[in-house]
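A.B. asks: how would this look folded up:
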Amino acid sequence: MARHRFHCTNGLECVFDRRGREVAPGEPILRQARHVAERLMRRPGAEDWSAWSVTVHDLDGRQVLVLPFRAARTPAVHGVRLPRPRTTRPRTAPSWW
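C.D. replies: Sure, this is the predicted structure:
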């Protein structure tokens with residue numbers, strides 16, 4: 001197992017992961033990063049998370065992944081069902097034109 005640190009920042013504020021998390025071989029780091037973002041977004045308060053990202057580093061300090069919080073959001077986390085995208089037909093000129 002490899003240990004990675006999952007830090008969160010918006011460029012001004014930071015939430016540091018001092019201990020890190022074990023990531024099993026074959027387990028996607030992306031899944032862990034999403035979990036970290038979702039946990040932080042569940043905290044009480046009316047925070048605007050649009051500028052926040054999770055930055056994942058190995059224990060040597062190398063950056064492995066950057067995940068914006070907006071990419072980590074899932075409808076199940078927030079209890080909101082996203083509308084299906086609308087498909088529109090291209091408008092054509094009337095036949096009499």
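A.B. asks: Quick check: phi and psi on Trp49?
C.D. replies: When read as degrees, to the nearest 10, the backbone of Trp49 gives phi -90, psi 0.
A.B. asks: was I right about it contacting Phe69?
C.D. replies: Yes. Judged on CB atoms under 8 Å, Trp49 makes contact with Phe69 at a distance of 4.4 Å. For every residue, glycine as well, the C-beta is placed using N, CA and C.
A.B. asks: Now list whatever residues contact both of these two.
C.D. replies: Taking CB atoms under 8 Å, 6 or more residues apart in numbering as the contact rule, Trp49 and Phe69 both touch 37, 40-41.
A.B. asks: Name the residue closest to the centre of the chain, please.
C.D. replies: The residue lying closest to the centre of the chain (CA atoms, centre = their mean) is Ala72, at 2.3 Å.
A.B. asks: Distance-wise, check it relative to Gly11.
C.D. replies: 17 Å (CB to CB, to the nearest Å).
A.B. asks: Looking at Trp49 and Phe69, which is more packed in?
C.D. replies: Neighbour totals were compared for Trp49 and Phe69, and Phe69 leads with 23 against 16 (other CB atoms under 10 Å).
A.B. asks: Could you pull out the buried residues of the longest strand seen in the chain?
C.D. replies: In the chain, assigned by DSSP state E, the strand with the most residues is strand 2-9. Using 16 or more other CB atoms under 10 Å as the test for burial, strand 2-9 gives 4-8.
A.B. asks: Max pairwise distance over the residues you listed: which two?
C.D. replies: The largest distance within these, taken as CB to CB, falls between His4 and Cys8 and amounts to 13.4 Å.
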